[in-house]
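Undergrad: no sequence on this one, just coordinates:
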Ligand code: C5P
């Protein structure tokens with residue numbers, strides 16, 4: 001079984017000024033083949049080695065280097081740029097750039113972005129071997145490792161300057177493999193407890209985790225099992241939680257929605273990745289499972305695209321995915337005070353929700369009918385019934401934003417009652 005963390009991943013590539021910068025063009029090409037979207041920031045020195053236009057052409061996006069460009073900042077501010085990626089990759093990471101990273105300097109767009117990012121950083125150093133072996137660089141690399149920066153390379157070999165030794169940037173495919181490894185774990189760096197929440201608001205001071213969207217379970221490198229969840233409801237809940245002063249983490253499956261403002265977002269693809277990200281986001285006060293998680297995954301994912309042939313149609317053997325909601329709700333230690341599940345049913349909505357409440361061990365179920373006539377999946381409105389041990393309360397049909405705000409009010413009341 002191989003997960004495919006690369007497809008749909010978003011990489012912010014910071015290109016430093018070294019001879020190896022040309023290899024980063026090849027890196028973008030390799031990433032693009034694997035469905036990765038790359039945005040590029042270059043240092044001024046990098047522009048002396050490779051023309052920004054080459055990076056723009058290959059990445060399909062304008063290349064950024066000026067932190068004071070009004071046009072660039074209006075299109076996507078540097079903070080947003082540093083946060084919408086799943087991972088930041090620095091390649092080539094020159095001695096100068098590593099030194100600035102280690103010092104926390106913010107004197108160009110590359111270093112400012114690295115200081116402002118909320119995602120993990122992978123660096124591919126490239127420099128002359130004396131520079132690599134210099135005690136100053138050794139100190140900087142050790143400090144960066146202690147800060148959680150991952151490294152790939154450098155390789156040993158013939159250098160551009162004619163010397164031989166360690167300092168060559170890792171080959172593009174080795175960097176791709178390191179990116180894939182880095183993306184297997186959640187890459188969002190959480191803020192320390194109590195920091196980052198609005199001091200006022202109905203959920204001020206609370207940690208809220210929300211899952212949202214579908215999961216994609218790979219069949220082979222190009223096909224997957226998925227579902228029609230749009231993520232609209234879960235994203236609206238996460239956004240409303242953030243607006244109510246909570247420190248909210250949204251764990252999102254593949255959706256066509258922008259990341260909501262004021263919320264930490266972790267992008268995942270498969271149920272197992274969502275499960276790992278949900279557990280990594282704990283401890284939390286409130287857990288809301290709004291995602292439509294695939295119940296099954298394909299047991300043996302094809303390494304190559306399955307081909308039509310004489311053997312007839314392939315038979316897919318499925319295995320069950322972990323139940324994220326049940327795992328969180330039945331934790332012996334560190335169970336969130338309030339665990340809320342969703343029930344998307346096509347029939348007997350309330351009865352099934354009651355049953356689910358018991359089976360999953362959660363405190364509330366938000367039940368909605370997804371019968372085709374209701375148009376809930378992908379629709380803007382929702383009609384939900386709140387089911388708890390105390391009973392079932394149907395809410396009128398309203399927009400998903402209004403449902404989200406209603407839920408946040410209900411959560412605030414419930415949490416106050418528990419204090
Ligand atoms: O079992 P069922 O899919 O009907 O339950 C729906 C609820 O359980 C939703 O809240 C959904 O997010 C959650 N769930 C989960 N992990 C799964 C399956 C469902 O968190 N593997």
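TA: Nice, thanks for sending it over. Keep in mind that this is a model prediction, so the values were computed, not measured.
Undergrad: Contacts only, for residue 324.
TA: Contact partners of residue 324, counting by C-beta atoms under 8 Å, 6 or more residues apart in numbering, are 211, 271, 274, 275, 278, 289, 291, 293. Placement of C-beta: from N, CA and C, glycine included.
Undergrad: Please settle this for me: is residue 14 part of a helix?
TA: No - applying DSSP: H, G, I helix; E, B strand; the rest coil, one finds residue 14 to be strand, outside a helix.
Undergrad: close enough to count as contact, residue 209 and residue 288?
TA: Yes - between residue 209 and residue 288 there is a contact under C-beta atoms under 8 Å: 7.2 Å.
Undergrad: Give me the common contacts of those two.
TA: Listed as contacting both residue 209 and residue 288 by C-beta under 8 Å, 6+ apart is no residue at all.
Undergrad: thinking again about what came up before, out of the contacts of residue 324, who's nearest residue 169?
TA: Residue 169 has its nearest neighbour among these in residue 274, at 33.7 Å by C-beta to C-beta.
Undergrad: what number of residues lie near residue 221?
TA: Applying other C-beta atoms under 10 Å, we find 18 residues neighbouring residue 221.
Undergrad: Please disregard the earlier target; I meant residue 93.
TA: Based on other C-beta under 10 Å, the number of other residues close to residue 93 is 30.
Undergrad: what's the answer for residue 56, then?
TA: When neighbours are counted by other C-beta under 10 Å, residue 56 registers 14.
Undergrad: what's the closest non-adjacent residue to it?
TA: Sequence neighbours aside, residue 63 is the residue nearest to residue 56 in space, at 4.8 Å (criterion: C-beta to C-beta, 6 or more residues apart in numbering).
Undergrad: how's this protein carved up into domains?
TA: Following automatic domain parsing, one gets these domains for the chain: 10-184, 207-418.
Undergrad: among these, which is nearest the ligand?
TA: The ligand lies closest to domain 207-418 among the domains of the chain, at 3.3 Å (C-beta to the nearest ligand atom).
Undergrad: need the residues of the stretch 151-300 of the chain near the ligand, please.
TA: 211, 271, 289, 291, 293 (C-beta under 6 Å from any ligand atom).
Undergrad: try 8 Å
TA: Residues of the stretch 151-300 of the chain found near the ligand (C-beta under 8 Å from any ligand atom) are 211, 271, 274, 275, 278, 289, 290, 291, 292, 293, 294, 295.
Undergrad: just checking, the first one touches residue 292?
TA: Read it as residue 211. No - under the criterion of C-beta under 8 Å, residue 211 is not in contact with residue 292, lying 9.3 Å apart.
Undergrad: which of those two has more neighbours?
TA: residue 211 (33 against 24).
Undergrad: how close does the residue lying closest to the more buried one once chain neighbours are set aside get to residue 364?
TA: Nearest residue to residue 211, sequence neighbours excluded (C-beta to C-beta, 6+ apart): residue 291, at 3.7 Å. For residue 291, the distance to residue 364 equals 16 Å [C-beta to C-beta, to the nearest Å].
Undergrad: Compare the two and say which is more crowded by neighbours.
TA: Just comparing residue 291 and residue 364: by other C-beta under 10 Å the higher neighbour count belongs to residue 291, 28 against 22.
Undergrad: Residue 81 against residue 112, yeah?
TA: No - counting by C-beta under 8 Å, residue 81 sits too far from residue 112 to count as a contact (9.7 Å).
Undergrad: Of the two, give the one with the bigger neighbour count.
TA: Of the pair residue 81 and residue 112, residue 81 is the one with more neighbours under other C-beta under 10 Å, namely 22 against 18.
Undergrad: Show me what the strand or helix carrying the more buried one is in contact with.
TA: Using DSSP states H and E, residue 81 maps to helix 78-83. Here helix 78-83 makes contact (C-beta under 8 Å, 6+ apart) with 12, 39, 41, 64, 67, 88, 109, 112-114, 116-119, 259.
Undergrad: for stretch 97-110, same thing?
TA: By C-beta under 8 Å, 6+ apart, the list of residues contacting stretch 97-110 from outside reads 14, 16, 41-44, 64-67, 78, 90, 93, 111-112, 114-116, 121, 123, 125, 136-137, 139-141, 143-144, 149.
Undergrad: go on, stretch 224-234?
TA: Defining contact as C-beta under 8 Å, 6+ apart, one finds that stretch 224-234 is touched by 210-219, 250, 252-257, 288, 290-292, 294, 296-298, 342, 377-380, 382, 400, 403-404.
Undergrad: now do stretch 393-402
TA: Contacts of stretch 393-402 (C-beta under 8 Å, 6+ apart): 232-233, 236, 240, 380-387, 403, 406.
Undergrad: Which two among those residues are spaced furthest apart?
TA: The span of these, defined through C-beta to C-beta, is set by 380 and 387 at 23.1 Å.
Undergrad: Just want to know which of those two has more residues nearby.
TA: Each of residue 380 and residue 387 has its neighbours counted (other C-beta under 10 Å); residue 387 has more, 25 against 14.
Undergrad: Next, find the distance separating the more buried one from residue 327.
TA: 20 Å.
Undergrad: Quick one: residues contacting the nearest residue to residue 119 once chain neighbours are set aside.
TA: Sequence neighbours aside, residue 187 is the residue nearest to residue 119 in space, at 4.9 Å (criterion: C-beta to C-beta, 6+ apart). Going by C-beta under 8 Å, 6+ apart, residue 187 touches 86, 87, 119, 120, 266.
Undergrad: Tell me which of those fall in strands.
TA: Those of the contacts of residue 187 mapping onto strands are 87, 266, per DSSP state E.
Undergrad: okay, the contacts of residue 187 in JSON lines with pLDDT, neighbour count and distance to residue 318 next?
TA: Output for the contacts of residue 187, formatted as JSON lines (pLDDT from 0 to 100; neighbours: other C-beta atoms under 10 Å; distance: C-beta to C-beta, whole Å):
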{"residue": "86", "pLDDT": "92", "neighbour count": "25", "distance to residue 318": "27"}
{"residue": "87", "pLDDT": "96", "neighbour count": "22", "distance to residue 318": "30"}
{"residue": "119", "pLDDT": "93", "neighbour count": "21", "distance to residue 318": "33"}
{"residue": "120", "pLDDT": "94", "neighbour count": "20", "distance to residue 318": "32"}
{"residue": "266", "pLDDT": "92", "neighbour count": "23", "distance to residue 318": "26"}
